[in-house]
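Participant: for reference, the sequence and a predicted model appear below.
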Amino acid sequence: MQADPIGPDDILSIDQAAGYLKVPKSTLYTLVREGRIPSHKVGRHWRFRKAAIDRWLDQPCPCPAAGETPAGDPQ
């Protein structure tokens, strides 16, 4: 039996969000802890709106481009 496809209005668990983003759960927990990814805690569980994750992915990355050093770092 096939898993249900994830729709744009779906709410994802940590496992589903990690699978959707193709990152380890530990990376996703780090992003959540640092407040870098849209998420909500429901009781003891983290939940993610797929639409919010998609908007987050569409934002420009604040990371320095390859070969650049972050502002304030000595070269």
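Facilitator: Great, that's in hand.
Participant: got the phi and psi for the residue nearest the centre of the chain?
Facilitator: With distances taken as C-alpha atoms, centre = their mean, residue 37 lies nearest the centre of the chain, 4.8 Å away. Backbone geometry at residue 37, expressed as degrees, to the nearest 10, gives phi -140, psi 140.
Participant: from residue 11, how far off is it?
Facilitator: 14 Å (C-beta to C-beta, to the nearest Å). (C-beta placed from N, C-alpha, C; glycine too.)
Participant: repeat for residue 38
Facilitator: 12 Å.
Participant: next: residue 28.
Facilitator: On the measure of C-beta to C-beta, residue 28 and residue 11 end up 15 Å apart.
Participant: do the same with residue 32
Facilitator: For residue 32 relative to residue 11 (C-beta to C-beta), the value is 15 Å.
Participant: tell me which of the two has more neighbours.
Facilitator: Relative neighbour count places residue 32 above the other of residue 32 and residue 11, with 18 against 15, counting by other C-beta atoms under 10 Å.
Participant: can you name the element that comes right after the longest strand along the chain?
Facilitator: With secondary structure taken from DSSP state E, the chain has its longest strand at strand 45-49. Going down the chain from strand 45-49, the next helix or strand is helix 50-58, by DSSP states H and E.
Participant: list the buried residues for that next one?
Facilitator: Neighbour-count burial for helix 50-58 flags 50, 53, 56 (criterion: 16 or more other C-beta atoms under 10 Å).
Participant: quick one: which of these is nearest residue 18?
Facilitator: residue 53 (11.0 Å; C-beta to C-beta).
Participant: quick one: the closest one from residue 20, how far?
Facilitator: Counting by C-beta to C-beta, the gap from residue 53 to residue 20 is 7 Å.
Participant: identify the contacts common to the two.
Facilitator: Counting by C-beta atoms under 8 Å, 6 or more residues apart in numbering, the residues touching both residue 53 and residue 20 are residue 12.
Participant: can you list the weak-confidence ranges in this protein?
Facilitator: Within the chain, the stretches with pLDDT under 70 are 1-8, 63-75.
Participant: that one: strands as residue ranges?
Facilitator: 11-12, 40-42, 45-49.
Participant: those: which one's closest to residue 62?
Facilitator: That would be strand 45-49 among the strands of the chain, by C-beta to C-beta, at 19.7 Å.
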